[in-house]
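Trainee: need a 3D model of the sequence below.
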Amino acid sequence: MGGTGNIRLLIADDQPECIDALQLALKGRPGIEVCGIATNGTELIIKTGRLLPDVVITDIKMPFTDGVQATVAIKEIHSAVKVIALTQFKAESYLVSMMQSGADAFLVKDVSSKTLELAIHSVLEDKPFFCETTNRNLLSLLQQGKLGNKSKDLPPDYFAPNEKEILLLICEAKTSNEIATELRLSYNTVIKYRQRLMEKIGSKKSTHLVLFAVEHGLFNPTD
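Mentor: This next block holds a predicted model:
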């Protein structure tokens, strides 16, 4: 975080009224400050490198470089920066694209300021975050077979002891400390399990663990 101790946010949206609405929603929230504004994905990438925010809140559909491409670039260069995808488009395809890009949270633009604040704190604790609408979208994708259900493809010995339990707790947005307490493991052991799970699915992103669990019928996002 910045020298002030506040959570520093960089907001990207090509619509001034949306930026104004976000700033208004965050106004007065303790410990949170907006350190910069970008109006397209290219500017977002440049300003992320210059300002090094803790969290980026980005629209998906933007000119020049969209939110998906910008998120990929940011995660490749500044992996510690958390990305919250914020969009007025509720189509499931946008959700999948942003999940695959490495975004850490997924919100629609009509969420409450309280939900927005909760998402910010959640991603900083390495907890993937979905609002009610994006949770429903995940379930819809699953029901339509667009994510598939590949649970039969996983061999019986795919998960080592504790791995499946830890995967499901990650999907439930539990922190590593919370998982350690619940399973009576050390924090460092949980971190090693988390890293091992990511290696198994070939990703370094927690949201990809959620997508993997949904795709394989291991986790229902609306339960």
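Trainee: make it CA atoms for all contacts and neighbour counts henceforth
Mentor: OK.
Trainee: lowest-scoring secondary structure element of this structure by mean pLDDT?
Mentor: Least confident helix or strand, the chain: helix 132-143 with a mean of 69, by mean pLDDT, DSSP states H and E.
Trainee: next SSE downstream of the host helix or strand of Lys75?
Mentor: Using DSSP states H and E, the element containing Lys75 is helix 67-77. Moving toward the C-terminus from helix 67-77, the next helix or strand (DSSP H and E) is strand 82-87.
Trainee: from the contact counts, what lies against that following strand?
Mentor: strand 55-58, strand 105-108, helix 113-124 (3 or more Cα pairs under 8 Å, 6 or more residues apart in numbering; DSSP states H and E).
Trainee: which helices and strands does whatever helix or strand comes next after it pack with?
Mentor: Per DSSP H and E, the first helix or strand lying C-terminal to strand 82-87 is helix 92-101. Secondary-structure packing of helix 92-101 (3+ Cα pairs under 8 Å, 6+ apart): helix 67-77, helix 132-143, helix 206-215.
Trainee: could you redo the last one with a cut-off of 6 Å?
Mentor: Applying 3 or more Cα pairs under 6 Å, 6 or more residues apart in numbering; DSSP states H and E, one finds that helix 92-101 contacts helix 67-77.
Trainee: how about the helix it packs on: buried residues?
Mentor: The neighbour-count check on helix 67-77 (16 or more other Cα atoms under 10 Å) flags 67-75 as buried.
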